[in-house]
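*Asks:* No sequence on hand, only this structure:
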């Protein structure tokens, strides 16, 4: 290439890209609000929901099957309809949109909600993968052998630390024969065999199986990471963006959100590379649903109610303290006392206004 050609070529390149001029403005992308709600719905109401079926069956219940007595439906169908009704209450205008639109509109709504729920689940799975490793590593120490953050082939029962946490309650991980069978797959662990990491200090009491259940520090770390912000895990908030709970106006823990976080942590510890509801190794769907079943069991109501109180104190302390009586000498207590006195004076009839 001649010198003139080279100079011309360089000049053309300079015209194409000028580093000192503002580049073309990108068109802002507008996300449908249903995607936004789908993210929150998946985390706090139902993580593995088939929105197409939920909407179709819900519309049938409101239309053709509106006069059918509730007892004619199975317990699962009644539960599904309650979730559908919760969806309608949470999204303004959704009921009108579904009832006035056709099948195409139902498809669009289902697709948007699915996009939101799946997107949130994928984001959380990716975000928790490395963080969980940090939380299970003793302070000032390293895992031996070290665990890769992006490759999970050596996770699960193939590593001493993750294996001990995933070991089902009631099975002795320290038994060499048991450990070998878990690693080889000779002992198959299904989703309804709950692991030790769900328990406080990872200790299970067979005489009191509720003792410490769903109260491990690992679960609390993961919950705060997803709902309040990653920095809130260390109780030193540094994030400049609001956490998911604040974005969605969430002021208290929901039971499905606890089940969701437990499912995410369990998956992070396993050797399964991709989160899938049909994964028979992680068996995540059965695990998630088995927790929801216990949370909904009327016979377990007392323990579950106590669990909700415990979780709110861990994550939303302002919600818990709001239920406490006011301090007698506080300014707020005095304000309310004065207001009550004024109302009492106003309510006393004037003694001189009686009829003659």
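*Replies:* Structure received. Computed from a prediction, not measured in an experiment: that's the story for all the values here. Numbers count the residues shown, from 1 in each chain.
*Asks:* contacts and neighbour counts: CA atoms only from here.
*Replies:* OK.
*Asks:* Which helix runs longest in the chain?
*Replies:* helix 103-136 (DSSP state H).
*Asks:* who are the neighbours of the following helix or strand past it, in terms of helices and strands?
*Replies:* On the C-terminal side of helix 103-136, the closest following helix or strand by DSSP states H and E is helix 160-166. The contact analysis (3 or more C-alpha pairs under 8 Å, 6 or more residues apart in numbering; DSSP states H and E) places helix 160-166 against helix 255-269.
*Asks:* Looking at strand pairing, list the partners for residue 213.
*Replies:* Beta bridges link residue 213 to residue 199, judged by DSSP bridges.
*Asks:* Next up, the contacts around it.
*Replies:* 198, 199, 200 (C-alpha atoms under 8 Å, 6 or more residues apart in numbering).
*Asks:* what separates the residue most central in space within the chain from residue 137, distance-wise?
*Replies:* The geometric centre of the chain, computed from its C-alpha atoms, lies nearest to residue 43 (C-alpha atoms, centre = their mean), at 3.3 Å. Residue 43 sits 26 Å away from residue 137, going by C-alpha to C-alpha, to the nearest Å.
*Asks:* quick one on the thing from earlier: doesn't residue 119 make contact with the residue nearest to the centre of the chain?
*Replies:* No. Look at residue 43 against residue 119 with C-alpha atoms under 8 Å: they stay out of range, at 10.7 Å.
*Asks:* Burial check on residue 292, number of neighbours?
*Replies:* Number of residues near residue 292 (other C-alpha atoms under 10 Å) recorded here: 18.
*Asks:* One more: residue 83?
*Replies:* Residue 83 has 18 nearby residues by other C-alpha under 10 Å.
*Asks:* which residue sits closest to it, ignoring its sequence neighbours?
*Replies:* residue 45 (7.6 Å; C-alpha to C-alpha, 6 or more residues apart in numbering).
*Asks:* Helix, strand or coil: sort out the closest residue to residue 267 other than its chain neighbours for me.
*Replies:* In space, and not counting its chain neighbours, residue 267 is closest to residue 282: 6.6 Å by C-alpha to C-alpha, 6+ apart. For residue 282, the assignment made with DSSP: H, G, I helix; E, B strand; the rest coil gives coil.
*Asks:* so what pLDDT did residue 282 get?
*Replies:* Among the per-residue scores, residue 282 holds a pLDDT of 83.
*Asks:* With residue 221 instead?
*Replies:* For residue 221, pLDDT reads 96.
*Asks:* Identify the residues contacting it.
*Replies:* 135, 233.
*Asks:* which element follows the host helix or strand of it toward the C-terminus?
*Replies:* Using DSSP H and E, residue 221 sits in helix 217-227. Using DSSP H and E, the helix or strand that follows helix 217-227 in sequence is helix 244-247.
*Asks:* helices or strands up against that following helix?
*Replies:* helix 217-227.
*Asks:* Just the closest of the contacts of residue 213 to residue 103, please.
*Replies:* When these are ranked by distance to residue 103 (C-alpha to C-alpha), residue 198 comes first, at 42.4 Å.
*Asks:* And for that closest one, the neighbour number?
*Replies:* A count of neighbours around residue 198, defined by other C-alpha under 10 Å, yields 25.
*Asks:* Distance-wise, check the closest residue to it other than its chain neighbours relative to residue 203.
*Replies:* Distance criterion C-alpha to C-alpha, 6+ apart; nearest residue to residue 198, sequence neighbours excluded, is residue 214 at 4.8 Å. For residue 214, the distance to residue 203 equals 11 Å [C-alpha to C-alpha].
*Asks:* what do you get for residue 69?
*Replies:* 46 Å.
*Asks:* Settle it for me: which of those two has more neighbours?
*Replies:* Shown here are residue 69 and residue 203; by other C-alpha under 10 Å, residue 203 has more neighbours (17 against 8).
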